[in-house]
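> Here is my input; please provide its structure:
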Amino acid sequence: MTDDGTVLVTHYDFRNNTPDDGILGTDYWAVHRHAATELCTDGATWNEETPITTETFDMRQAPFARGWFVGDYEGLASDGDDVLAYFSASHDGDPSSAFFSRLTP
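Residues are numbered from 1 along each chain as shown. This next block holds a predicted model:
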């Protein structure tokens, strides 16, 4: 939770995957809500879904460990009113590159 009470959740999904490009197109996303004014249990209060990855990556390039696996080393931390996201994705031939992004919800 940030200093202003914002809660942020991240997830991977396949919404940009298309059957004709030959990859399992995957992106990393964030969604947030403001704890002081919005109920966590009301799905309508989760705001502004934002892509964190700058380009869609091929999940099938990730290591296979009982399924495609981008890594254990992911996390979120607050820095004032910002959120710091550390995550993994395949990139330029590296199956599990690590990335950092500063988010301002």
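
> Going by contacts, tell me the helices and strands next to the helix or strand bottoming out on mean pLDDT in the chain.
For the chain, using mean pLDDT, DSSP states H and E, the weakest element among its helices and strands is strand 47-51, scoring a mean of 83. Here strand 47-51 is seen to pack against strand 25-34 when contacts are counted using 3 or more CB pairs under 8 Å, 6 or more residues apart in numbering; DSSP states H and E. Quick note: C-beta positions are derived from backbone N, CA and C, even for glycine.

> The strand it packs on: partners in the sheet, and parallel or antiparallel?
strand 6-13 (antiparallel), strand 47-51 (antiparallel), strand 57-58 (antiparallel) (DSSP bridges).

> Going by neighbour count, which residues in it are buried?
Within strand 25-34, the residues that qualify as buried are Gly25, Thr26, Asp27, Tyr28, Ala30, Val31, His32, Arg33, counting by 16 or more other CB atoms under 10 Å.

> quick one: which of those residues is nearest to Ser78?
His32 (11.5 Å; CB to CB).

> Spit out the contact partners of the closest one.
Thr6, Val7, Leu8, Val9, Trp46, Asn47, Glu48, Val83, Pro105 (CB atoms under 8 Å, 6 or more residues apart in numbering).

> for the protein, what spans make up the helices?
Counting by DSSP state H, the chain forms no helices at all.

> For it, give me the ranges with low pLDDT.
For the chain, no stretch has pLDDT under 70.

> Lovely, talk soon.
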